[in-house]
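In: need a 3D model of the following:
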Amino acid sequence: MMTEPSRPQSVPPRSPGRGSAVLLVLLFLAAISGCGVPERDHVLDPANPNPVDIAALLVGTWSRVDAEKNEIYTLKADGRVELYDYTAPGGGEVDRNGSYPQTLVITYYGSYALVGNLLRLSFTGGTTNNPDGSLPALPEADKVVSIQVTRTTLTLKERDGDRVYTRI
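Out: Residues are numbered from 1 along each chain as shown. Reported below is the predicted structural model:
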């Protein structure tokens with residue numbers, strides 16, 4: 001008896017399967033391994049082994065003298081803040097040690113709160129060295145600004161530009 005030769009069966013085209021999936025996973029792992037382990041070294045990251053205590057750095061007296069303002073912020077560890085605003089009513093250079101009418105000093109006081117790098121200033125009252133003058137309006141209520149602090153510099157990042165203060 002004769003048997004017919006077997007016909008080769010057609011092989012279906014190979015579909016992407018486990019081999020392709022494994023290759024994709026290996027390519028993905030190779031791609032992310034080049035990124036390394038993410039570092040946790042941002043100064044505000046609580047997992048940073050050497051975080052910077054911005055609140056501690058912020059406490060102190062900060063001075064700013066430029067074409068716009070002549071002022072001093074005093075930030076205390078208990079959350080109180082004082083702002084001394086110096087002007088020369090008659091024009092010219094401001095002498096911080098001068099008395100009125102040569103130098104007008106307006107002192108605002110209130111509190112501050114720090115959350116991350118956001119500083120909220122709340123002024124509740126003030127005084128002036130002008131015996132006949134009334135106190136101008138308080139600064140913007142509950143003003144919140146982003147800050148950057150180093151040992152010697154405090155930067156208030158405001159909408160209309162940065163205000164830089166130096167530790168005194």
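In: can we go C-alpha only for contacts and neighbour counts from here?
Out: Will do.
In: tell me which stretches of this protein form strands.
Out: Using DSSP state E, the strands of the chain run over 60-65, 70-75, 80-87, 104-115, 118-128, 143-149, 153-158, 161-167.
In: okay if I get those as CSV plus mean pLDDT?
Out: As requested, the strands of the chain are exported to CSV (pLDDT from 0 to 100):
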stretch, mean pLDDT
strand 60-65, 98
strand 70-75, 98
strand 80-87, 97
strand 104-115, 96
strand 118-128, 95
strand 143-149, 94
strand 153-158, 96
strand 161-167, 97
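In: residue 165 - how many residues pack around it?
Out: Around residue 165 there are 21 other residues, counting by other C-alpha atoms under 10 Å.
In: so what's it up against?
Out: By C-alpha atoms under 8 Å, 6 or more residues apart in numbering, residue 165 lies in contact with 62-64, 153-155.
In: 10 Å instead?
Out: By C-alpha atoms under 10 Å, 6 or more residues apart in numbering, the residues touching residue 165 are 61-66, 71-73, 149, 152-156.
In: was I right about residue 147 contacting residue 119?
Out: Yes. Between residue 147 and residue 119 a contact is recorded at 6.7 Å, counting by C-alpha atoms under 10 Å.
In: just to revisit the earlier point, just flag the most distant two among the contacts of residue 165.
Out: 66 and 149 (19.0 Å; C-alpha to C-alpha).
In: those two: which is more packed in?
Out: Neighbours were tallied for residue 66 and for residue 149 using other C-alpha under 10 Å; the higher tally belongs to residue 149 (18 against 10).
In: look up how far residue 100 lies from the more buried one.
Out: 33 Å (C-alpha to C-alpha, to the nearest Å).
In: in TSV: the strands of the chain, plus distance to residue 135.
Out: Listed next are these as TSV, based on distance: least, C-alpha to C-alpha, whole Å:
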stretch	distance to residue 135
strand 60-65	22
strand 70-75	16
strand 80-87	12
strand 104-115	8
strand 118-128	6
strand 143-149	19
strand 153-158	25
strand 161-167	24
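In: re the thing from before, nearest to residue 109, out of the contacts of residue 165: which one, please.
Out: Once C-alpha to C-alpha is applied, the member of these that ends up nearest residue 109 is residue 73, at 9.8 Å.
In: just give the number of residues close to that closest one.
Out: Neighbours of residue 73 under the rule other C-alpha under 10 Å: 21.
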